[in-house]
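Visitor: what follows is a protein structure lacking sequence information:
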C-alpha cells in the first residue's frame, strides 16, 4: 500500500494494491484522536469516493477511520472503464481493502458500508463469518426499480460467453435528478468527469451474479445491520427492499426511512441529521475486535 497526502480536505490518497497487483485508488479519512474503528465504503455504480467527502469527514470526526476505495474501472482508477472480469474479482477487492483496514487498527471493530449498488458487495462480504463487525446499507441497490429483465439477463450472459464481454452498455441512470433535487449537486453530477456512464457486458453479468449472491447473503447475516432508505427514491424499490430485509438473519437489524429524501443521502439538505443517526448507530459497537 502506497500513500501520499493530497489537497482533499482531511483525506489521504492511497493506492491499495489488490491481490492481482492492480492499484486501487482510495481516500482514507483519519480521526483526529483515538480510533474507535474502521469503516470501509463500497460506492454505487455511477459514483465514486469523490461524492462522499462530507460524510466520511463526519465519521472521522466521530473517531472512525474511513477507507473509501474506488471500484476498479471506475472513479480515479485506471484500466478499462466500467469493466470487470467477474463478480468474485469485485468481492475480492472489497475483502482486500477490509483486510488493510483490519491490519491498520487490529483491535477495533470494522464496519462495511454499501452505498446504492455497492450494497450488494457490502452485504455479500458482511455475510462471510469473521469479515466485519457490522454493515451499513445506504439506499442499497438490493432491489432496484431499474432492473435487468430475465430476457435481457439471458442475452447479456450469452453475449459475454460468446466473446462480446467488453461491449459497452449504458447505465440507465443518466438523469442526475434521480440522485438529488438539489440543483448545485445536479450540476456537480452533470460536470463530474469521473462519474461512470457505461459498463461492459461482462460487468453486467457480474452484477447479475451479485444480485443472486446478495439475496442469499441477507439470510446469513449475523452482524448488526443498519439500512437507511430514501422515501423519494426512484432507483431503489423500497417496499421490495423491506421484504428482502425481512429475511435478514441478524438479530440486530434496523431499517430507517427518511420520507423526503432522494436516493443520494449525501446530497440531502438535512444530511447532518441523517448521518448523525448512522454515527449514533456506530457508537455502541464494541471497541474490541469480535471473533
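Guide: Thanks, I have it. Keep in mind that this is a model prediction, so the values were computed, not measured.
Visitor: do you have the strands of this structure handy? List them.
Guide: Along the chain, counting by DSSP state E, strands occupy 2-5, 11-17, 23-29, 37-42, 64-69, 110-115, 134-138, 168-170, 198-200, 225-230, 253-258.
Visitor: which one of these lies closest to residue 214?
Guide: strand 110-115 (9.1 Å; CB to CB). In short, each C-beta sits where N, CA and C put it, glycine included.
Visitor: isn't residue 224 up against residue 282?
Guide: No: with contact defined as CB atoms under 8 Å, residue 224 does not reach residue 282; the gap is 9.5 Å.
Visitor: buried ones in stretch 181-190?
Guide: Buried residues in stretch 181-190, defined by neighbour count with 16 or more other CB atoms under 10 Å: 181, 182, 185, 186, 188, 189.
Visitor: please narrow those to those residing in helices.
Guide: In this view, the buried residues of stretch 181-190 that belong to helices under DSSP state H are 185, 186, 188, 189.
Visitor: picking up where we left off before, I'd like the strands of the chain as JSON lines, with distance to residue 121, mean neighbour count and mean pLDDT appended.
Guide: What follows is the strands of the chain, written out as JSON lines (distance: least, CB to CB, whole Å; neighbours: other CB atoms under 10 Å; pLDDT from 0 to 100):
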{"stretch": "strand 2-5", "distance to residue 121": "23", "mean neighbour count": "9", "mean pLDDT": "36"}
{"stretch": "strand 11-17", "distance to residue 121": "15", "mean neighbour count": "18", "mean pLDDT": "91"}
{"stretch": "strand 23-29", "distance to residue 121": "13", "mean neighbour count": "23", "mean pLDDT": "97"}
{"stretch": "strand 37-42", "distance to residue 121": "4", "mean neighbour count": "27", "mean pLDDT": "98"}
{"stretch": "strand 64-69", "distance to residue 121": "11", "mean neighbour count": "26", "mean pLDDT": "98"}
{"stretch": "strand 110-115", "distance to residue 121": "6", "mean neighbour count": "28", "mean pLDDT": "98"}
{"stretch": "strand 134-138", "distance to residue 121": "11", "mean neighbour count": "27", "mean pLDDT": "98"}
{"stretch": "strand 168-170", "distance to residue 121": "19", "mean neighbour count": "14", "mean pLDDT": "89"}
{"stretch": "strand 198-200", "distance to residue 121": "15", "mean neighbour count": "20", "mean pLDDT": "95"}
{"stretch": "strand 225-230", "distance to residue 121": "15", "mean neighbour count": "23", "mean pLDDT": "98"}
{"stretch": "strand 253-258", "distance to residue 121": "18", "mean neighbour count": "16", "mean pLDDT": "98"}
